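# Output the structure for:
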Amino acid sequence: MAEVIYLAEGEDHPAFAEDERWITIDASNDGKFYGTGASWKSSGEWVGYCSLCEDDVSLEKALAAAQQWAAKYKVNKIWAQLKPWD
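Below is the predicted model of the structure:
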């Protein structure tokens with residue numbers, strides 16, 4: 001299971017290297033969440049992660065979806081923003 005790192009208010013996730021696996025979950029202004037990420041298939045092909053606020057209506061749902069994707073594509077950390085940027 002990927003480690004979840006909760007970002008402090010106003011804190012941004014680190015910059016990711018091109019060859020790094022990652023997932024971020026961001027808060028939207030309407031109280032919902034969405035995720036983005038990048039990894040590679042076992043064949044070496046790049047694969048992206050993108051969830052929609054309409055699907056990830058809560059932090060819990062966003063984390064559950066991100067954890068599932070992280071397990072499939074060997075992502076070790078999920079960076080979660082709890083409040084939207086002003």
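
# Angles on the backbone of D26, please.
phi -120, psi 150 (degrees, to the nearest 10).

# And it, how close does it get to G44?
28 Å (C-beta to C-beta, to the nearest Å). Quick note: C-beta positions are derived from backbone N, CA and C, even for glycine.

# likewise Y34?
Y34 is 27 Å from G44, by C-beta to C-beta.

# So the two - more neighbours on which side?
Y34 (18 against 6; other C-beta atoms under 10 Å).

# what sits against that one?
25-26, 28, 50-53, 56, 62 (C-beta atoms under 8 Å, 6 or more residues apart in numbering).

# Tell me how many other residues crowd P84.
For P84, the count of nearby residues is 14 (other C-beta under 10 Å).

# do the same with Y6
For Y6, using other C-beta under 10 Å, the count is 12.

# Ok, G37 next?
Residue neighbour count, defined by other C-beta under 10 Å, stands at 22 for G37.

# what sits opposite it in the beta ladder?
Bridge pairing for G37 (DSSP bridges) gives the partners I23, Y49.
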